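> Sequence and predicted model, in that order:
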Amino acid sequence: MPFASSLSLHRAIDYALRLHAAVERGASRDIAHEQAVLTNLALDTPGCDLPGQCRGARYALVCWLDELFTCHSRWADAWNEGKLESTLYGGNDRAWEFWRQAKLADAEPNDDSLAAFYLCVALGFRGELRNQPERLAAWVEKARSRVARGATPASQTTRIARRSRPSNRLWGKTRLRRFVTFATIAATVLLPLAAFAITRRVLG
C-alpha cells in the first residue's frame, strides 16, 4: 500500500480507536461532531466510485467504523441512526457488501485494497461471517498469505520476477514498515476490545 494511502487509513483508525476508548470510559463526546470528523477522515482515504470496481480502502474503513460503533459501543443506537455507509454510499449493506468488495480487491493486480480489508478484519470486522468461523478463518489465511508476501495474480508473476534486486529490497522494506504498523495497531487494540466483548457477554 503506498505510504500516503496507508497513512490516511492509519490516521482514521487511530482516531476511531481513541474515540471508542473515550466513549467506553464514559467521556462526554458529541456524536454528530465525531461522525463528521470520521467522515472527513474516510474521504481522505483512497476509494473508487466507478461501477464494477472495488471501492477500495475507504469502503473497508467505513464498514469497520460502523460495525465498531454499532456492535461494540455505548453509542450503538445513536450510531445506527446515522451510519457512515448510509452517508457516503447511500446503503446499509456492509454485512455482505464488505466481503463482496474484498473479493474484488483480491482480483486486483496489486494488494493495496486487499491490505485495507485484511486490516479491518484483523481489527474485528465480521459482517455476515460473524457466525461462520471456518469461512472467516479461510479468508483470513488466504488474504494474510497474499498480503504478507505481496503476491499478485499469476499474470503478473513473470513481470515481478524480472524486477531488479535493489528494487525488490526497497519494496520489501516498505512492506515491512507497513506490517510493523499493522501489528502495533493490532497489539494495542485487539486485546482491550476482546476483553470488553467478553465482559459484556459475561455481564449480559
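Structure received.
> which residue is nearest the middle of this structure?
For the chain, residue 120 is the residue whose C-alpha lies nearest the centre (Cα atoms, centre = their mean; 2.5 Å).
> Can you give me the distance of it to residue 27?
24 Å (Cβ to Cβ, to the nearest Å). C-beta: built from backbone N, CA, C; applies to glycine.
> Residue 58 too?
Distance from residue 58 to residue 27, by Cβ to Cβ: 27 Å.
> More neighbours: which of these two?
Between residue 58 and residue 27, counted using other Cβ atoms under 10 Å, the more crowded position is residue 58 (26 against 9).
> Give me the domain ranges for this structure.
As recorded under the TED database, the domains making up the chain are 2-150, 172-203.
> Could you identify which of these is most buried?
Comparing the domains of the chain by mean neighbour count (mean count of other Cβ atoms under 10 Å), domain 2-150 comes out on top with a mean of 17.
> hang on, residue 29 packs against residue 23?
Yes: between residue 29 and residue 23 a contact is recorded at 6.0 Å, counting by Cβ atoms under 8 Å.
> circling back: quick one: which helix or strand includes the closest residue to the residue nearest to the centre of the chain other than its chain neighbours?
Counting by Cβ to Cβ, 6 or more residues apart in numbering, residue 120 lies nearest to residue 64, which is 3.9 Å off, once chain neighbours are set aside. Assessed by DSSP states H and E, residue 64 sits inside helix 57-71.
> which residues touch that helix?
With Cβ atoms under 8 Å, 6 or more residues apart in numbering as the test, helix 57-71 has contacts from 1, 5, 9, 12-13, 16, 20, 38, 42-43, 45-47, 75-76, 79-80, 83-85, 88-89, 94, 97-98, 101-102, 105, 112-113, 116-117, 119-120, 123-127.
> returning to that earlier point: which pLDDT value goes with the residue nearest to the centre of the chain?
The score at residue 120 is 98. That number is its pLDDT.
> Please report how far it lies from residue 28.
Counting by Cβ to Cβ - residue 120 and residue 28 are separated by 28 Å.
> Just the helices from the chain, written as ranges.
Secondary structure of the chain (DSSP state H): helices at 3-24, 31-44, 57-71, 76-80, 84-89, 94-106, 112-122, 133-149, 157-161, 165-203.
> Out of these, which gets the lowest mean score?
Looking at the helices of the chain, the bottom one is helix 157-161 with a mean of 39.
> so what's residue 118 closest to, chain neighbours aside?
Leaving aside its chain neighbours, residue 118 sits nearest to residue 143 (4.4 Å; criterion: Cβ to Cβ, 6+ apart).
> same deal with residue 54?
The shortest distance from residue 54 to any non-neighbouring residue, by Cβ to Cβ, 6+ apart, is to residue 104 (3.8 Å).
> That neighbour contacts residue 53, doesn't it?
Yes: with contact defined as Cβ under 8 Å, residue 104 counts as touching residue 53 (7.0 Å).
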